[in-house]
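Engineer: coords please:
(chains A and B)
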2 protein chains.
Amino acid sequence: MSKVFIHATVTLDGFMADLDGGVDWMNGFPSAPEDEEVVERVIQQLGAVVGGANKTQTIEEGEVPYGAMVKVPVYLMTHSAHEPIEMDGVTYTFVVDDIAQAVEAAEQAAGDKWVSLLGGSISRQCLELGLVDEIHLDVVPILLGEGISLFTGLRKRIKLERLETSAFASETHLRYRVLA
Amino acid sequence: MSKVFIHATVTLDGFMADLDGGVDWMNGFPSAPEDEEVVERVIQQLGAVVGGANKTQTIEEGEVPYGAMVKVPVYLMTHSAHEPIEMDGVTYTFVVDDIAQAVEAAEQAAGDKWVSLLGGSISRQCLELGLVDEIHLDVVPILLGEGISLFTGLRKRIKLERLETSAFASETHLRYRVLA
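Structural biologist: Residues are numbered from 1 along each chain as shown, chains lettered A, B, ... in the order given. Model prediction:
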């Protein structure tokens, strides 16, 4: 059965990006071959992706999940209907507002493989709806002070189980099971 | 020379306590002997503590840093002058508003040992003033959604270097050097 997991790179203070969406601060940290293996292993497991995209043109401009490295169906939340977009071997399907429906469609597309959730709002909504099986974080060693937060705004207390912790160079990889 | 470090137990979303200061959520997670060793090693290194205490009576009521397990001088930030308090072999010295002065006094008292900073406001102020050498976090596997945050409100971008990551049972222990 498919597993649904939150997949995010965050600062130590929990930000995924600057206030303006920038991620320049991610660069310049040494990484080890083992870090690549962690990423590669997750990517191999991926069967579908659910992300946010209020602007369909960002897709056409190439701002796509995982930089289009992962050739799996992508479901993007929108506020207005839009035809699917096919690009570089990936199908981007737009789902209007109903996040549970998007996750269900992604799970069906993924089969035995995993569904990754990208973005703070989508991750928090899915946590609140009880749709998340695991959380995978790659923690970058920096404090931003302000930015777009992964968890801020979550309206539920959620117990986790630590499944895996690893660190080789700069990043720390954390993997948790969502309990309740 | 003394090292100054932020020492905190936080949730995965970065909270040290509930909005009302409660830490009940810390209980009920399995721990391993190795977790105790991490704590013990830090406590052995401690030479002084800087914390917040607007209410001196909380000291007299026994609400003291590290539950008075650590017999080292404690410097507490206040807004109004107060005579030092001696209790259970620990001297609590009150410092009015000047955090840099409190850290300096703690460093002198600590000698070759380390100074731990407790509390979000004190930690953030010291980070902004460039007074922090390291950050030691014990991450508890839970998301609170809201509470008293360690880093929220930090008004500076700060690069870190990952020094150590360990995990045995539920908690993850993270140790970083503050770069700039």
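
Engineer: going forward, measure contacts between C-alpha atoms and count neighbours the same way
Structural biologist: OK.

Engineer: what kind of secondary structure is residue A:122 in?
Structural biologist: helix (DSSP: H, G, I helix; E, B strand; the rest coil).

Engineer: right, and it touches residue A:99 too?
Structural biologist: Yes: here residue A:122 reaches residue A:99: they are 7.5 Å apart, a contact under Cα atoms under 8 Å.

Engineer: which of those two has more neighbours?
Structural biologist: Under the criterion of other Cα atoms under 10 Å in any protein chain shown, the comparison of residue A:122 against residue A:99 puts residue A:99 first, with 22 against 19.

Engineer: I'd like to know how many residues surround the closest residue to the more buried one other than its chain neighbours.
Structural biologist: What sits nearest to residue A:99 in space, not counting adjacent residues and going by Cα to Cα, 6 or more residues apart in numbering or on different chains, is residue A:77, at 7.0 Å. As a burial measure, residue A:77 scores 22 neighbours (other Cα under 10 Å).

Engineer: isn't residue A:77 right up against residue A:52?
Structural biologist: Yes: if you go by Cα under 8 Å, residue A:77 and residue A:52 touch, sitting 4.8 Å apart.

Engineer: lowest-pLDDT helix or strand in chain A?
Structural biologist: helix A:56-60 (a mean of 72; mean pLDDT, DSSP states H and E).

Engineer: can you confirm the residue nearest to residue A:99 is in a strand?
Structural biologist: Yes: Residue A:77 forms part of a strand when assessed by three-state DSSP.

Engineer: For chain A, list the residues in contact with chain B, please.
Structural biologist: A:13-14, A:141-146, A:151-162, A:165-167, A:169-172, A:176 (Cα under 8 Å from any Cα of the partner chain).

Engineer: same thing but at 6 Å, please
Structural biologist: A:141-145, A:154-162, A:170 (Cα under 6 Å from any Cα of the partner chain).

Engineer: Just the buried residues out of those, in ChimeraX syntax.
Structural biologist: Those of the residues of chain A next to chain B that count as buried under 16 or more other Cα atoms under 10 Å in any protein chain shown are selected in ChimeraX with:
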select /A:141,142,143,144,145,154,156,158,159,160,161,162,170
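
Engineer: Looking at the residues of chain A next to chain B, which are in strands?
Structural biologist: Here DSSP state E is the test, and the residues of chain A next to chain B give A:142-143, A:158-162 as lying in strands.

Engineer: Columns pLDDT on top of these, output as a markdown table?
Structural biologist: Below are those laid out as a markdown table (pLDDT from 0 to 100):
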| residue | pLDDT |
| --- | --- |
| A:142 | 98 |
| A:143 | 98 |
| A:158 | 97 |
| A:159 | 97 |
| A:160 | 98 |
| A:161 | 98 |
| A:162 | 98 |
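
Engineer: Before I go, just wanted to say thanks for your time.
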